[in-house]
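Colleague: quick one: sequence and predicted model below, then my questions.
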Amino acid sequence: MIEKYKNIDENFDIEVELDIDEDTQTYPWLYSLFIEAEVDESVKLDIINTVEQTSFVQYVGMRFIDGWSEFYFYSLNSKNIQTKVQAYLQENKYKFEGGVVKDSKWDFYRGNLQPTETEFLMIESQKIVQQLVEEGDDIAKEREVEHYVMFDTKTQMQRFIQNAENEGYTFKDEISTQENEYGVAVIKTHNLSYEALFENIELLRGLASQEQGFYELWSTTLAEQE
């Protein structure tokens with residue numbers, strides 16, 4: 001499953017392959033390919049397919065930073081990874097750089113491509129937003145948004161509610177969950193812009209973590225039509 005998202009700290013675009021089988025995760029060689037261009041979808045697929053023609057090579061993601069498209073692959077072997085794609089890029093007159101380094105623990109993937117917890121929540125948030133937009137919603141309009149947080153104990157939940165209310169959220173209700181777990185819904189009025197969602201998710205994640213809780217996600221209804 002490929003997901004696209006925006007890096008929160010440095011504000012650049014990332015695409016990452018999340019469904020990687022266990023055998024592939026043992027591939028020790030990281031091949032990085034940098035192209036001085038923002039490649040379109042067809043060129044991107046051509047590049048990926050060309051590299052993956054070499055046996056035991058897996059595309060794991062790409063980034064677009066400062067006019068460069070960066071492609072990343074892991075391989076079982078360090079040789080012959082670059083040959084075919086270099087011929088393709090030279091033929092199409094792309095300016096590019098590339099190299100192979102050992103990364104047995106997949107440190108680059110985990111540290112630079114795999115979404116953080118907040119980034120994953122933002123990916124899921126944008127899916128909800130897209131569904132609302134397809135239904136004709138104006139996401140710039142403010143409306144009540146329900147946020148959901150889970151805890152191991154009722155005391156943790158109660159402390160979180162107090163802290164959330166101090167930040168302008170309103171307690172709505174407790175959520176029925178599996179045994180030995182306590183859930184709560186709090187609401188706040190805000191729009192569904194990326195910035196507003198990020199601000200609220202980060203704040204609630206911080207409040208939840210103070211009480212060893214876990215922020216799940218949010219839900220809302222279509223904005224009222226004027």
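Modeller: Right, received. Where do you want to start? Residues are numbered from 1 along each chain as shown.

Colleague: so Glu119 makes contact with Asn7?
Modeller: Yes - Glu119 lies in contact with Asn7 (Cβ atoms under 8 Å); the separation is 7.4 Å. Where you see a C-beta, it was placed from the backbone N, CA and C, and this is true even at glycine.

Colleague: looking at the two, which one has more neighbours?
Modeller: Glu119 (19 against 16; other Cβ atoms under 10 Å).

Colleague: roughly how far apart are the more buried one and Gln126?
Modeller: 11 Å (Cβ to Cβ, to the nearest Å).

Colleague: overlap of the contact sets of those two?
Modeller: Shared contacts of Glu119 and Gln126 (Cβ atoms under 8 Å, 6 or more residues apart in numbering): Tyr5.

Colleague: buried ones in the worst-scoring helix or strand of the chain on mean pLDDT?
Modeller: Taking mean pLDDT, DSSP states H and E as the measure, the chain has strand 2-6 as its least confident helix or strand, at a mean of 89. Neighbour counts using 16 or more other Cβ atoms under 10 Å place 3, 5 of strand 2-6 among the buried residues.

Colleague: could you do stretch 196-204 as well?
Modeller: Of the residues in stretch 196-204, those buried (16+ other Cβ under 10 Å) are 196-198, 200-201, 203-204.

Colleague: buried ones in stretch 89-103?
Modeller: 89, 94, 96, 98, 100, 103.

Colleague: do me a favour and get the end-to-end distance for that stretch?
Modeller: Start-to-end span of stretch 89-103 (Cα to Cα, to the nearest Å) is 25 Å.

Colleague: mind listing residues that contact it?
Modeller: Residues contacting stretch 89-103 (Cβ under 8 Å, 6+ apart): 28-37, 43, 47, 74-75, 78, 81-82, 85-86, 109.

Colleague: and the least confident helix or strand of the chain, how far out from the chain middle?
Modeller: Relative to its parent chain, strand 2-6 has a centroid offset of 5 Å by Cα atoms, centre = their mean, to the nearest Å.

Colleague: for the next helix or strand after that strand, name the packing helices and strands.
Modeller: The first helix or strand that comes after strand 2-6 along the chain, using DSSP states H and E, is strand 13-17. Here strand 13-17 touches strand 2-6, strand 57-65, going by 3 or more Cβ pairs under 8 Å, 6 or more residues apart in numbering; DSSP states H and E.

Colleague: so Glu3 sits against Gln114, correct?
Modeller: No - between Glu3 and Gln114 there is no contact, the gap being 9.9 Å when judged by Cβ under 8 Å.

Colleague: which residues are in contact with each of the two?
Modeller: The contact lists of Glu3 and Gln114 share 16, 18, where a contact means Cβ under 8 Å, 6+ apart.

Colleague: quick revisit: out of the contacts of stretch 89-103, which end up buried?
Modeller: So, by 16+ other Cβ under 10 Å, the buried ones in the contacts of stretch 89-103 are 29-31, 33, 35, 43, 47, 74-75, 81-82, 85-86, 109.

Colleague: now for those residues: which two are most distant?
Modeller: Between any two of the buried ones among the contacts of stretch 89-103, the greatest separation by Cβ to Cβ is 24.0 Å, found for Trp29 and Val43.
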